[in-house]
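> give the three-dimensional model of this entry:
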Amino acid sequence: MKNKRKSAGILSIVLILSIIITACSGGNSGGNGNAAAPDNASGTSDTNSATGADNEPAVAEEHDPVTIKFISWKDGTYNELYELFHKKYPWITIEQVPVNGQSIMEIIAALEAAGTPADVTEIDADLITFEQNGLVEDLTPYIDSSPIFQEASLPQGFFDTMTFNNKKLAVPMVDVPMWVLVNKDLLAKHGVDMPPNDWTYDDFREIAKKLTDPDAG
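Next comes the predicted model:
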C-alpha cells in the first residue's frame, strides 16, 4: 500500500485529523483510540475547519474524484463527520469498512490480498506489530508539511505513544482523561504519600516499584 499515490495519503491525513479534533471537542467519552495509515496512505488528523464545522463553503476547485477506504469498528459513529467532510471536499468519498467483530489485522490482510488495500485504519493492537510487518507509513513528513498541524494546538506529548524509531506511525483519535484508582491503605503500609494531581508517568512507575512486594505475590 505504500506505493499508492501520495495525494491519497495527504487526503487521509485531512480526514483523520477531522475525526481527532471533533471527537475531542464534542466531549467524546469513549476510550482512547488511534488512527494509522496502512502503508498505502498516511492517516492523521485535522481541525474543525477541515470537517466543515466552521460553516465555510466547499472549496471551489477542480479535482479528480478520490475514495478513501477507512477501516473502523465504530460502524456509523462517524457518519455525520463524513457528511461534513464531504460537504467541504465534495470530490472525496469516505468508504467505511466496518469491523463487525473481526480482527482488524485480518481485514487489512484480506483487503491487501484482494488488491483493494485500505487507506486508513483504526487499530486495536500493538502499533509496533504494524510497523514490524511493514504495514504503516511514517507520517512525519505529512505532519511537518501540513499547515493544519502547524496551526493546531495539541497537548504536550500528543504523539509520544505513537512514535517508534523517530517515526510517527499514527495519530491519537481522541484525548480522553483516564481514571487511576489508588489504594490509600497500600500507600500508607509502605510509607508512600498520596501523589498530587499533577503526578507523571515516571512518578507512577516509581510509586509502583515501592509498592511492589514480590514475596507477597
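> from residue 91, how far off is residue 147?
Going from residue 147 to residue 91 by Cβ to Cβ, to the nearest Å gives 20 Å. Yep, even glycine has a C-beta here, placed from its N, CA and C like the rest.
> okay, these two: which has more neighbours?
Each of residue 147 and residue 91 has its neighbours counted (other Cβ atoms under 10 Å); residue 91 has more, 15 against 7.
> that one and residue 67 touch, don't they?
No: taking Cβ atoms under 8 Å as the definition, residue 91 is not a contact partner of residue 67, at 9.9 Å.
> buried stuff in stretch 177-196?
residue 187 (16 or more other Cβ atoms under 10 Å).
> what about it, average pLDDT?
In this model, stretch 177-196 carries a mean pLDDT of 89.
> ok, now stretch 76-95?
Mean predicted confidence for stretch 76-95 is 88.
> mind saving the C-alpha coords of stretch 135-148 as CSV?
In CSV, the C-alpha atoms belonging to stretch 135-148 read as follows (Å, rounded to 0.1, in the frame of the first residue of the first chain):
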residue,chain,number,x,y,z
LEU,A,135,2.0,-2.1,7.3
VAL,A,136,2.2,1.6,8.2
GLU,A,137,3.9,4.6,6.8
ASP,A,138,5.9,7.2,8.7
LEU,A,139,3.5,10.2,8.9
THR,A,140,6.3,12.7,9.9
PRO,A,141,6.8,14.4,6.5
TYR,A,142,3.0,14.8,6.1
ILE,A,143,2.6,16.2,9.5
ASP,A,144,5.6,18.6,9.2
SER,A,145,4.3,19.9,5.9
SER,A,146,0.7,20.3,6.9
PRO,A,147,-0.4,23.9,7.6
ILE,A,148,-3.3,22.5,9.6
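> what's the following helix or strand after the lowest-mean-pLDDT helix or strand in the chain?
Averaged element by element with mean pLDDT, DSSP states H and E, the chain has its least confident helix or strand at helix 48-51 (a mean of 37). Next helix or strand after helix 48-51 toward the C-terminus (DSSP states H and E): strand 66-72.
> what helices or strands is the following helix or strand past that next one leaning on?
Sequence-wise, the next helix or strand downstream of strand 66-72 (DSSP H and E) is helix 79-88. For helix 79-88, the packing partners by 3 or more Cβ pairs under 8 Å, 6 or more residues apart in numbering; DSSP states H and E come out as helix 6-25, helix 48-51, strand 92-98.
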